[in-house]
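> Need coordinates for the following:
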Amino acid sequence: MNNIRTYANDLIEFFHQRYKLQNKPSIVFAQDQQNSLKPLGKTAHYDPAEQSITVYITGRHIKDCLRSLAHELVHHLQNERGDLVGMGPTTPGYAQENGHMREMEKEAFKEGNMCFRDWEDSRKKQLGETNYKTEDTKGEQKMSYKNWRNKEFSGMLMDKWGYKPKEKSFLNEGSSPYHLKGDYKTGQLEEAPSEKCPDCDMPADECKCSHDEAHPAAPEAREAVVEDLDEAALRDAVRDMISEMLKS
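Numbering: from 1, shown residues only. Next up, the predicted model:
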């Protein structure tokens with residue numbers, strides 16, 4: 001709740017730009033422990049005479065409080081239009097018994113909630129919480145937060161285990177690894193034409209001949225590396241990577 005007034009002021013300005021208020025209302029954020037313990041306690045109310053909004057914040061999520069503020073801002077707009085003149089006391093049941101006030105409440109729920117949603121989505125977009133742009137300069141392609149995190153995680157693991165692919169290697173461009181001269185046991189990769197078996201003239205990774213040692217780019221070599229990995233060390237490495245990501 002430390003930043004609620006900052007968010008509230010931004011929401012009020014957003015509301016003002018959309019509906020052109022004559023005057024911005026005063027805002028009170030009230031702490032009320034007893035009210036917070038009531039299942040149907042007060043959330044917010046608007047005072048037409050004072051043009052003030054009170055929002056109860058104890059035990060509530062900041063978004064819930066801001067949504068209540070947006071609702072009351074619509075009542076302030078209605079007051080400036082003269083729609084609340086002679087409305088009478090807002091005692092329990094007024095929204096069911098007074099037809100005019102029922103319409104006022106309908107407008108407040110609809111416009112208030114939609115304005116809050118539009119404000120929230122616009123701020124999320126600005127903060128980059130919705131989409132993450134890829135490094136591809138062609139068009140405006142985007143990747144999800146999950147995919148972005150996976151990419152970051154993969155890169156950190158490659159760095160930790162000593163894999164340093166060149167900028168346009170298959171790890172960055174998605175091309176076949178068999179277009180590279182590489183050794184999965186050392187992690188050294190460099191661009192080179194595919195090597196061929198001297199016996200059958202087939203690409204080394206597709207060769208069916210029996211050799212004393214598997215080609216370093218062949219599936220057998222990769223499987224051998226996986227078998228040689230220490231499971232405990234692998235878990236430690238992954239745990240370290242996750243810790244670093246959480247700190248960033």
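
> any idea which helix or strand of the protein has the worst average confidence?
When each helix and strand of the chain is scored by mean pLDDT, DSSP states H and E, helix 170-173 comes last, with a mean of 40.

> Which strands or helices does the longest helix seen in the chain pack on?
Taking DSSP state H as the criterion, the chain has its longest helix at helix 99-127. Applying 3 or more CB pairs under 8 Å, 6 or more residues apart in numbering; DSSP states H and E, we find helix 99-127 packed against helix 4-19, helix 62-81, helix 94-97. Any C-beta I mention is one placed from the backbone N, CA and C, and that applies to glycine too.

> care to break this protein down by domain?
4-127, 133-247 (automatic domain parsing).

> between those domains, which gets the lowest average pLDDT?
Note on the domains of the chain: lowest mean pLDDT is at domain 133-247, with a mean of 57.

> Give me the buried positions along stretch 91-111.
Using 16 or more other CB atoms under 10 Å as the test for burial, stretch 91-111 gives 101, 104-105, 108, 111.

> Of these, which is the nearest to Ile27?
Ala108 (16.3 Å; CB to CB).

> Would you check how far apart the nearest residue to the closest one once chain neighbours are set aside and Gln34 are?
Residue nearest to Ala108 in three dimensions, not counting chain neighbours: Val74, with 4.1 Å by CB to CB, 6 or more residues apart in numbering. For Val74, the distance to Gln34 (CB to CB, to the nearest Å) stands at 28 Å.

> the more surrounded of these two?
Between Val74 and Gln34, counting by other CB atoms under 10 Å, Val74 is the more crowded of the two (22 against 8).

> Would you mind confirming that that one is in contact with Phe116?
No - Val74 is beyond contact range of Phe116, at 10.3 Å (criterion: CB atoms under 8 Å).

> Around Leu77, count how many other residues there are.
When neighbours are counted by other CB under 10 Å, Leu77 registers 23.

> OK, contacts around it?
Counting by CB atoms under 8 Å, 6 or more residues apart in numbering, Leu77 touches 19, 21.

> Could you rerun that using 10 Å?
Taking CB atoms under 10 Å, 6 or more residues apart in numbering as the criterion, Leu77 is in contact with 15-16, 18-22, 25, 83-84, 107-108, 111-112.
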